[in-house]
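Engineer: coordinates for the following, if possible.
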Amino acid sequence: MAKKGKKRKEIKRKLLHKYRLVILNESTFEEKISFKLSRLNVFVTGSLFIIGLIGLTTLLIAFTPLREYIPGYSSTKLKRQATELTYKTDSLVTVLNYTNRYLDNVRMVLKGDVENNQLNRDSLFEQFKIDPSTVDLTPIREDSLLRAAVALEDKYNLFERNLENRSMVLFSPLGGSITQGYDAEKKHYAVDVAAAIETPIKAVANGIVIFAEWTADTGYVIIMEHDNNLTSVYKHNGSLNKSQGDIVQAGEVIASVGNTGELTTGPHLHFELWSNGSPVNPLDYVDFK
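Structural biologist: Numbers count the residues shown, from 1 in each chain. Here you go, the predicted model:
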């Protein structure tokens, strides 16, 4: 015990023993600065300095842009931007896939390419529809009353436009004699109407122009999209009065009769009507007289 006590006193004496640090002028040996130090003071001061240095470094890393220069450390802003870009990329891929499908449909209409006289009737928006089996479709009382009122009004509505009703009549795009009718077996999904060159061609219904360009086979072509998944196609035109993206009213002039394209046989309008992605006989909906 005596040895341990003596050893402790010796350690304490060494830690508290005073030393003088003197700074002298080299030429005159004049004392400029002097410090009284002990080993304990040096240890405590050094520890506080190291702790302060670590704290300052931590603050610089946490709250200043200097942290971005540390290898392996990424900026929070860059992470957020990367996440936003990932979401935008996914959205762009979805839009691109939708656009490609849409263009494939337009291309199919232009070429009249139908396998086995049938087209895929799936809507372009099918992927965005909600599964009815996951939704409670039980009508409430107010809904039932509204349905009954609408049904009563529609019963006497002379302008009901429903393509499932084959007696529906659209606006006639052109008056003239029919030189070739609709023939699905021969893949002629249109009605050819002969008329003089530059005779105005009109829109069969309100809609938007989704294609208005020149094609080698069918000359100047204009395609319109209408309500109820209805698409009207006008080929072999002499000129086009509308451009892609234009909103057109029923009966508005959109083109003029011509004789353009390699597959033409004379001045006429090649008119097609597509419902839900499949060709239908225009004579069931349009009176060309």
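Engineer: when you work out contacts or count neighbours from here on, use the C-alpha atoms and nothing else.
Structural biologist: Will do.
Engineer: okay, the residue nearest to residue 188 when sequence neighbours are not counted: pLDDT?
Structural biologist: Using CA to CA, 6 or more residues apart in numbering and skipping the chain neighbours, the partner closest in space to residue 188 is residue 182 (5.9 Å). On the pLDDT scale, residue 182 is placed at 92.
Engineer: again with residue 164
Structural biologist: For residue 164, pLDDT reads 47.
Engineer: and for residue 218?
Structural biologist: Value listed for residue 218 in the pLDDT field: 91.
Engineer: likewise for residue 63?
Structural biologist: pLDDT, read off for residue 63, is 75.
Engineer: how close does it sit to residue 57?
Structural biologist: Per CA to CA, to the nearest Å, residue 63 is found 10 Å from residue 57.
Engineer: next one: residue 46
Structural biologist: 16 Å.
Engineer: picking up where we left off before, which of residue 63 and residue 57 has more neighbours?
Structural biologist: Between residue 63 and residue 57, counting by other CA atoms under 10 Å, residue 57 is the more crowded of the two (12 against 9).
Engineer: the more buried one - that's part of a helix, no?
Structural biologist: Yes - Residue 57: assigned to a helix according to DSSP: H, G, I helix; E, B strand; the rest coil.
Engineer: buried residues in the helix or strand hosting residue 15?
Structural biologist: Assessed by DSSP states H and E, residue 15 sits inside helix 2-16. Within helix 2-16, the residues scored as buried using 16 or more other CA atoms under 10 Å are residue 15.
Engineer: cool, and stretch 208-227?
Structural biologist: Here stretch 208-227 shows 208-212, 214-215, 217-226 as buried, counting by 16+ other CA under 10 Å.
Engineer: next, the distance between the ends of stretch 179-197.
Structural biologist: 15 Å.
Engineer: what about that stretch, distance to the chain center?
Structural biologist: Mean-position distance between stretch 179-197 and its chain equals 38 Å (CA atoms, centre = their mean, to the nearest Å).
Engineer: what's in contact with that stretch?
Structural biologist: Stretch 179-197 has contacts (CA atoms under 8 Å, 6 or more residues apart in numbering) with 112, 114, 117, 174-178, 238, 256-259, 266-273, 279-283, 288.
Engineer: need the buried ones from those residues selected in PyMOL.
Structural biologist: Those of the contacts of stretch 179-197 that count as buried under 16+ other CA under 10 Å are selected in PyMOL with:
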select buried, resi 114+174+176+238+256+257+258+259+267+268+269+270+271+272+273+279+280+281+282+283+288
